[in-house]
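Trainee: Sequence plus the predicted model coming up.
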Amino acid sequence: MNFMRREQKVAKLLIHNKKTLSLAESCTGGLLADRLTDISGSSKFFKLGIIAYSNKAKNKILKVPQKDLIKFGAVSSQVARKMAKGVRRILLTDFGLGITGIAGPLGSAKNKTIGLVYIAIDTSKNNLCFKYVFKGPRRQIKKKAADQALKLLEEILLKL
């Protein structure tokens with residue numbers, strides 16, 4: 001049986017379609033970039049990975065407006081969308097993906113629970129954002145968020 005991991009499928013689709021990708025990760029801490037760069041030949045599609053863990057990094061590097069960080073919070077669809085757009089624009093990649101969330105066990109706030117994650121994908125035509133609430137310990141939430149980001153990329157790439 002020829003089993004292909006999801007990151008391998010995504011890599012194959014990106015290469016086949018001659019598309020490039022950049023990532024802005026917060027709660028996943030580089031896990032998604034790690035999984036993609038484990039693939040030989042990933043330099044054909046993977047151009048940039050930023051771990052923007054602090055609000056200052058989101059603002060200074062990814063150009064997420066300070067007013068959005070204050071008004072909506074770092075864990076919000078608005079910030080995830082701006083992270084995806086900001087990272088895509090740095091190297092003008094075809095896809096920019098932003099992930100922000102609360103991996104726990106600390107960090108929950110009123111209206112924002114542990115496991116809340118926003119994943120945004122930005123292209124020249126669309127800026128999509130999806131909300132998830134994952135269950136489990138910190139490492140499991142990070143893994144589920146990275147898995148879901150790969151699933152979203154795969155679904156979008158299959159439509160090309």
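Mentor: Alright, I've got the coordinates. Quick caveat, the model's predicted, so the values are computed rather than measured.
Trainee: Which residues does stretch 99-116 contact?
Mentor: Applying Cβ atoms under 8 Å, 6 or more residues apart in numbering, the external contacts of stretch 99-116 come out as 23-28, 32, 73-76, 79-80, 83, 117-120, 131-138, 141-142, 145-146, 149. Using the backbone N, CA and C atoms, a C-beta is placed for each residue, glycine as well.
Trainee: mind running it again at 6 Å?
Mentor: The contact list for stretch 99-116 (Cβ atoms under 6 Å, 6 or more residues apart in numbering) reads 25-28, 74-75, 79-80, 117-119, 133-135, 138, 141-142, 145, 149.
Trainee: In ChimeraX, select just the buried ones from those.
Mentor: Buried subset of those, written as a ChimeraX selection, criterion 16 or more other Cβ atoms under 10 Å:
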select :25,26,27,28,74,75,79,80,117,118,119,134,138,141,142,145,149
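Trainee: Show me what Ile119 is bridged to.
Mentor: Beta bridges link Ile119 to Ile99, Phe130 when assigned by DSSP bridges.
Trainee: what residues are up against it?
Mentor: So Ile119 contacts Ile99, Phe130, Ala149 (Cβ under 6 Å, 6+ apart).
Trainee: Poorly predicted segments of this protein, please.
Mentor: Applying pLDDT under 70 to the chain flags the ranges 1-3.
Trainee: From the contacts of stretch 99-116, which land in strands?
Mentor: Per DSSP state E, strands hold the following members of the contacts of stretch 99-116: Glu25, Val117, Tyr118, Ile119, Val133.
Trainee: Identify the spatial nearest neighbour of the last one, chain neighbours not counted.
Mentor: On the basis of Cβ to Cβ, 6 or more residues apart in numbering, the spatially nearest residue to Val133 that is not a chain neighbour turns out to be Gly115, at 4.9 Å.
Trainee: Give the buried residues for the helix ranked longest in the chain.
Mentor: If you go by DSSP state H, the chain has its longest helix at helix 138-158. By neighbour count with 16+ other Cβ under 10 Å, helix 138-158 contains the buried residues 138, 141-150, 152-154, 156-157.
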